[in-house]
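In: fold the following for me, if possible:
(one chain, ligands or ions: 3)
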Amino acid sequence: PSHLDIAVIPGDGIGPEVTREAVKVLRAVTGADVELHLTDYELGADHWLATGETLPDTTLEQLRSHDAILFGAVGAAPGDTRVPSGLIEREFLLKLRFSLDHFVNLRPSRLYSGVPSPLAAPGDIDFVVVREGTEGPYTGNGGTLRGGTPHEVATEVSLNTAHGVERVVRDAFMRAAARRGRLTLVHKHNVLVYAGHLWRRTVEAVAVEFPDVTHDYLHVDAAMIFLVTDPSRFDVIVTDNLFGDIVTDLAAAVTGGIGLAASANLNMDRTAPSMFEPVHGSAPDIAGQQLADPTASILSAALLLRHLGLQDPATRIERAVEEDIAARSGRRSTAAVGDAITAMVS
Ligand code: NAD
Ligand code: IPM
Ligand code: MN
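Out: Residues are numbered from 1 along each chain as shown. Ligands and ions are numbered 1, 2, ... in the order given. A predicted model of the protein is given here:
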């Protein structure tokens, strides 16, 4: 496309700091070829404190009209008692993922050369986690009985539908077929019997359509062992919403840190815009000090371009990030990292 219409939601904490750098890079890499139209949306904890709004219906409808959404992070500091825990995360972020049907939460993990991994023998790490994005224990399908009494009962129900599992499993197989042809289902079917069975059956059924993809299964606990002892065994991991959340923070840690981990919330049916964001949160502990690494946000912008069919600028960003990472020494400000990458893609 020669015209790109992107919604930008910087959010809270380091969100605005890292998003500013991603926008710099986006502007530079698209240059004169593409008419880039950016619309900023003020949403997040500060916006809620000022207005009482998390994600009004009118804003949700406006967001639908863009080609894609570039998002930073939301969430108040844990000590901020003015904001109920997780309110913005649920009523803004999860509401967006659910409303825009972001059923594939794609989280690539690569160990770039020159990046120190905390692992003694990391090997070649290059895998993607295909995390289900609209179901599992994230549906708000829980409750409490006899609250505050010694007999209180609290439940969170994990919702798994045949439709929801099948579409994400098929997406993961397609990605595996285009990569090294290995798919690993990560679940916990020894304990989570019903959902586990649905996921296993679905993988077996869809596998028939992909004779060139081999697949295996790991319980999530054992998968975490291999993520540390032998991460190069993984190519595509497919898993549910909650396991995927946990797996991808560990995956980020073993590949050089959460500051490098990008993600895409994809509506693969393209019935609504997809959303691109770092895996990390608002990092209140370092916010406002130019300490955050904007690389995750910049790589998320590359995923955005690729999703919209702009392969060439996406690749240019990824190459520039690779080069920047290889040349790193000492601490640089958030803006300095963004400027360095911007200069390379210009
Ligand atoms: P976090 O990811 O914000 O931070 C975890 C640790 O990683 C912190 O020490 C932080 O300083 C560090 N870190 C994060 N991003 C970094 C970066 N770009 N460069 C360098 N260091 C970085 O997770 P948390 O502390 O558990 O959560 C903080 C808030 O963010 C909470 O309110 C949480 O709910 C929210 N959250 C939001 C999102 C999101 O918006 N997608 C994701 C995760 C957490
Ligand atoms: C993430 C975050 C979110 C999630 C939270 C903030 C709702 O941790 O994007 O990884 O659990 O999906
Ligand atoms: Mn997370």
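
In: CA only for contacts and neighbour counts going forward, please
Out: Fine.

In: check whether residue 277 really touches residue 68, as I assumed.
Out: No - the pair residue 277 / residue 68 is not scored as a contact, 11.2 Å apart, by Cα atoms under 8 Å.

In: middle-most residue in the protein, spatially?
Out: residue 263 (3.1 Å; Cα atoms, centre = their mean).

In: the residue nearest to that residue when sequence neighbours are not counted: neighbour count?
Out: Using Cα to Cα, 6 or more residues apart in numbering and skipping the chain neighbours, the partner closest in space to residue 263 is residue 107 (4.7 Å). Residue 107 has 27 neighbours, counted by other Cα atoms under 10 Å.

In: picking that back up, who has more neighbours, residue 277 and residue 68?
Out: residue 277 (29 against 23).

In: can you list phi and psi of the nearest residue to that one once chain neighbours are set aside for me?
Out: What sits nearest to residue 277 in space, not counting adjacent residues and going by Cα to Cα, 6+ apart, is residue 71, at 4.9 Å. Geometry field for residue 71 lists phi and psi as phi -120, psi 140, criterion degrees, to the nearest 10.

In: next one: residue 71 relative to residue 22, how far apart?
Out: Distance of residue 71 to residue 22, given as Cα to Cα, to the nearest Å: 10 Å.

In: could you do residue 333 as well?
Out: The span separating residue 333 from residue 22 equals 14 Å under the rule Cα to Cα.

In: the more surrounded of the two?
Out: residue 22 (28 against 14).

In: ramachandran angles for the closest residue to the more buried one other than its chain neighbours?
Out: The spatially closest residue to residue 22, leaving aside those adjacent along the chain, is residue 298, at 4.4 Å (Cα to Cα, 6+ apart). Main-chain torsions, residue 298, degrees, to the nearest 10: phi -60, psi -40.

In: which residues sit in contact with residue 298?
Out: Applying Cα atoms under 8 Å, 6 or more residues apart in numbering to residue 298 gives the contacts 18, 19, 21, 22, 23, 25, 262, 317, 338.

In: let's see it at 7 Å
Out: Residues near residue 298 by Cα atoms under 7 Å, 6 or more residues apart in numbering: 21, 22, 25.

In: among these, which ones are in strands?
Out: Secondary structure assignment (DSSP state E) places none of those within strands.

In: show me the helices in the stretch 1-150 of the chain, by range?
Out: Counting by DSSP state H, counting those that start in this stretch, the stretch 1-150 of the chain has these helices, from start to end: 15-30, 45-51, 57-64, 87-88, 95-99.

In: name the stretch among the ones you listed that sits most buried.
Out: Neighbour counts averaged per stretch over the helices of the stretch 1-150 of the chain are highest for helix 15-30, at a mean of 23; criterion: mean count of other Cα atoms under 10 Å.

In: and it, what other elements does it pack with?
Out: Helix 15-30 sits against strand 68-73, helix 295-307, helix 334-345, with contacts defined as 3 or more Cα pairs under 7 Å, 6 or more residues apart in numbering; DSSP states H and E.

In: nearest to ligand 1, of those?
Out: Shortest separation from ligand 1 across these is recorded for strand 68-73, at 3.3 Å, computed as Cα to the nearest ligand atom.
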